[in-house]
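K.L.:
turn this into a structure:
(one chain, ligands or ions: 1)
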Amino acid sequence: MKTTFPTDFLWGGATAAHQVEGGFMEDGKGMDTSDCRLTSTKYGPEQANRFMKIETRSMYEQALATEGLGDYPFRWGADEYHHWEEDVELFAEMGLKIYRLSFAWSRIFPTGEETEPNQAGLDYYRKVIGACRAHGIKIYGTMVHYSMPVNLVNKYGGWKDRHVIELFCRYAKVLLEEFHDDVEIWLPFNEVNSGVFHPYNGVGIVVDDECATWDDPFRNVKSDIYTGIHNQFVANALTVKMAHEIDPSIKVSCMIARFMPYPGTCHPENVLLALQDQQRDNFFFTDVMARGTYPGYMDRYFTENGIEVRMEDGDLDLIAAYPVDVVSFSYYFSSISATDDTWETTDGNLTAAKANPYLEKSEWGWQKDPIGLRISLNLLWDRYQKPLFIAENGLGAKDVVEEDGSIHDPYRVDYLRDHFLAMKEAIKDGVDLLGYTMWGIIDVVSSGTIQMSKRYGMIYVDCDDEGNGTFERRKKDSFEWYKKVIASNGENLA
Ligand code: BG6
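P.N.:
Here you go, the predicted structure:
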């Protein structure tokens, strides 16, 4: 029996290009979809989080017409574009074994359609990756994390058009050829299930303004959403093929936002609903990308809901021939499945959740559940028998800078400790877990609520929701704690 973390366990930290970099339109970068997401401080209170997750046509067009930084926080992020040396030094001091970064497609192919990459964009990533490697930090490379060049949305309507597969493959080929010696694990698509909940982020689909008032805001675009996701499955398979042709030992991963639905009661209807939620929101995606087959339960779901997934001959063979090597997921919270529509609700990652009376919540209503992580690890390992990677996990909280500049964040340490203990239990259960990249190791702009004040980092960034601040970096208490955790390979969690 394994009793603890393997000696080569990859302790790390994660960020995404649009949330951390800034460097808006610098050195040839094109505008991307994240640059068009408006700060949460511009929303009325009654619109709350839910509408912030929907970019409608009028909002999008207003953003496209806005030059400069405006009220668009992903245009400044945490300004890593100008602070990368300092950031990598801090990662090295912490002892990170791996840094999960994402490449901005629009920094390398500004419109997505060029035939040659923007050399300045490649140079930027070469510098960051080179600095990490010089410190012995491995790289987990995400190719697309919620962003694509806006030109591909304007011209093709995002991923629902098959032509985008070819353009993505051009981009993926450049990344693989340029960086394959330096990247430990490749991830073509962050949270490939996100398009169902956030079509703009996931598949580059802008919904009409009136959608945001519907109970099911995306019902009229579901065929486009699932076609967009199907096109990502095809692009993923082609990326696995290209990677393995370069070197069969290159590891390519898929990733989902993991939802952990518990039946609200032991009534069989609720147990069935929890299974169906799990299938539709999670297993569908990993079944296709890790097993290589479309599951029957989705055929039924598509048929009964009038959803047409537009495929071409040969797509399913390609998906079957090139499954991923690793299964990654993000894990933040768990939820309840219940047929009772009056059940209390709370917020969660990408979607609202039904409340679990046994769990505490974060300040943003996300239900903290380390045991759900252990269950998730067991379920995914049993189902796929492929190495797993926790690509994101962490606690969004409001941090306070004391007069002496220190930042005490015991709530973050408590959250992480509980999850590390759950990981250890899962490893004892026999799960093959390769690594863990804590989200966002340095404060970044929150994806769901588009604000800086929802902070995850162990490194504080002096910047407020409007982008005011020095962008100076400071270590929080959790920085020293994680350093000890890594140095002891997960043994010292005190
Ligand atoms: C994940 C995303 O779903 O959740 C990240 O991949 C995101 O981009 C993270 O930041 C946390 O969500 P939020 O909304 O708190 O930023």
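K.L.:
drop to CA atoms for contacts and neighbour counts, all remaining ones
P.N.:
OK.
K.L.:
get me the contact residues on this protein for the ligand.
P.N.:
When proximity is defined by CA under 6 Å from any ligand atom, the chain lies next to the ligand at Ala257, Asn349, Gly396, Ser446, Ser447, Gly448, Thr449.
K.L.:
can I get those in TSV with pLDDT, neighbour count and distance to Arg374?
P.N.:
As requested, these are exported to TSV (pLDDT from 0 to 100; neighbours: other CA atoms under 10 Å; distance: CA to CA, whole Å):
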residue	pLDDT	neighbour count	distance to Arg374
Ala257	98	21	15
Asn349	90	22	18
Gly396	97	21	21
Ser446	94	22	25
Ser447	94	21	25
Gly448	89	19	25
Thr449	87	20	27
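K.L.:
for Asn310, give me phi and psi.
P.N.:
Not quite, residue 310 is Arg, not Asn. phi -80, psi 110 (degrees, to the nearest 10).
K.L.:
looking at this, Leu434 is in a helix?
P.N.:
No: membership of Leu434 in a helix is not supported by DSSP: H, G, I helix; E, B strand; the rest coil, which gives strand.
K.L.:
residues in contact with it?
P.N.:
Going by CA atoms under 8 Å, 6 or more residues apart in numbering, Leu434 touches Phe9, Leu10, Pro387, Leu388, Phe389.
K.L.:
repeat for Phe471
P.N.:
Ala78, Asp79, Val461, Asp462, Cys463.
K.L.:
do Gly202 as well
P.N.:
Applying CA under 8 Å, 6+ apart, the residues near Gly202 are Tyr146, Ser147, Glu191, Val192, Asn193, Ser194, Gly195, Val196.
K.L.:
quick one: name whatever helix or strand follows the lowest-mean-pLDDT helix or strand in the chain.
P.N.:
Ranking every helix and strand in the chain by mean pLDDT, DSSP states H and E puts helix 48-52 at the bottom, with a mean of 52. Sequence-wise, the next helix or strand downstream of helix 48-52 (DSSP states H and E) is helix 57-64.
K.L.:
would you map the strands across the protein?
P.N.:
10-14, 98-102, 138-144, 183-189, 251-257, 261-263, 326-330, 335-337, 345-346, 353-354, 388-392, 433-439, 459-461, 473-475 (DSSP state E).
K.L.:
list the helices and strands the first one packs on?
P.N.:
In other words, strand 10-14. strand 98-102, strand 433-439 (3 or more CA pairs under 8 Å, 6 or more residues apart in numbering; DSSP states H and E).
K.L.:
CSV for those, including mean pLDDT?
P.N.:
Listed next are the helices and strands packed on strand 10-14 as CSV, based on pLDDT from 0 to 100:
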stretch, mean pLDDT
strand 98-102, 98
strand 433-439, 98
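K.L.:
so for Ala134, which of those strands sits nearest?
P.N.:
strand 98-102 (12.3 Å; CA to CA).
K.L.:
and that closest one, what does it pack against?
P.N.:
The contact analysis (3+ CA pairs under 8 Å, 6+ apart) places strand 98-102 against strand 10-14, strand 138-144, strand 433-439.
K.L.:
can you redo the ones you listed as TSV with distance to Met1?
P.N.:
TSV is the format used below for those (distance: least, CA to CA, whole Å):
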stretch	distance to Met1
strand 10-14	20
strand 138-144	28
strand 433-439	14
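K.L.:
coming back round to it: among the strands of the chain, which is nearest Val174?
P.N.:
Using CA to CA, the strands of the chain put strand 138-144 closest to Val174, at 10.8 Å.
K.L.:
just want the angle from the closest one to strand 98-102.
P.N.:
Angle of strand 138-144 versus strand 98-102, following axes from the mean of the first three to the mean of the last three CA atoms, to 10 degrees, is 20 degrees.
K.L.:
so what touches strand 138-144?
P.N.:
97-105, 129, 132, 172, 182-190.
K.L.:
same thing with stretch 391-403?
P.N.:
14, 100, 255, 328-332, 362-364, 407-409, 412, 415-416, 435-440, 453-456.
K.L.:
grab the nearest non-local neighbour of Val221.
P.N.:
Leaving aside its sequence neighbours, Val221 sits nearest to Val207 (CA to CA, 6 or more residues apart in numbering; 7.8 Å).
K.L.:
what about the helices in the stretch 1-150 of the chain?
P.N.:
Secondary structure of the stretch 1-150 of the chain, counting by DSSP state H, counting those that start in this stretch: helices at 17-20, 48-52, 57-64, 80-94, 105-108, 119-134, 150-156.
K.L.:
highest neighbour count among the contacts of Leu434?
P.N.:
Among the contacts of Leu434, the one with the most neighbours (other CA atoms under 10 Å) is Leu388, at 25 neighbours.
K.L.:
who's it bridged to?
P.N.:
In this entry, Leu388 is beta-bridged to Val327, Leu433, by DSSP bridges.
K.L.:
and the pLDDT at it?
P.N.:
On the pLDDT scale, Leu388 is placed at 98.
K.L.:
wait, doesn't it sit right on Trp381?
P.N.:
Yes: Leu388 lies in contact with Trp381 (CA atoms under 8 Å); the separation is 7.1 Å.
K.L.:
which neighbours do the two share?
P.N.:
Val431, Asp432.
K.L.:
what about Tyr294, distance to the ligand?
P.N.:
According to CA to the nearest ligand atom, to the nearest Å, Tyr294 and the ligand sit 24 Å apart.
K.L.:
which ones are touching that residue?
P.N.:
So Tyr294 contacts Phe284, Asp287, Val288 (CA under 8 Å, 6+ apart).
K.L.:
burial check on the residue nearest to the first one when sequence neighbours are not counted, number of neighbours?
P.N.:
Excluding the flanking residues, the one nearest Phe284 by CA to CA, 6+ apart is Pro295, at 6.6 Å. Here the count is done by other CA under 10 Å, and Pro295 has 16 residues near it.
K.L.:
measure Pro295 to Ile229 for me?
P.N.:
Counting by CA to CA, to the nearest Å, the gap from Pro295 to Ile229 is 15 Å.
K.L.:
which one, of the strands of the chain, ends up nearest to Asp369?
P.N.:
strand 335-337 (9.4 Å).
K.L.:
can you list contacts of the closest one?
P.N.:
Among residues not part of strand 335-337, those counted as contacts by CA under 8 Å, 6+ apart are 259-264, 270-271, 273-274, 277, 353-356, 367.
K.L.:
again, but for stretch 373-380
P.N.:
Under CA under 8 Å, 6+ apart, the answer for stretch 373-380 is Arg258, Met260, Tyr331, Leu388, His419, Ala422, Met423, Glu425, Ala426, Asp429, Val431.
K.L.:
in that stretch, which residues are buried?
P.N.:
The neighbour-count check on stretch 373-380 (16 or more other CA atoms under 10 Å) flags Leu373, Arg374, Ile375, Ser376, Leu377, Asn378, Leu380 as buried.
K.L.:
show me these that map onto helices.
P.N.:
Among the buried residues of stretch 373-380, the ones falling in helices (DSSP state H) are Leu373, Arg374, Ile375, Ser376, Leu377, Asn378, Leu380.
K.L.:
and of these, the nearest to the ligand?
P.N.:
Nearest to the ligand among those, counting by CA to the nearest ligand atom, is Leu373 at 15.1 Å.
K.L.:
start to end distance for stretch 4-24?
P.N.:
Counting by CA to CA, the length from the leading to the trailing residue of stretch 4-24 is 43 Å.
K.L.:
for stretch 150-168, same thing?
P.N.:
End-to-end distance (CA to CA), stretch 150-168: 14 Å.
K.L.:
show me what it is in contact with.
P.N.:
31-33, 111-113, 203-206, 224-225, 227-229, 231-232, 234-235.
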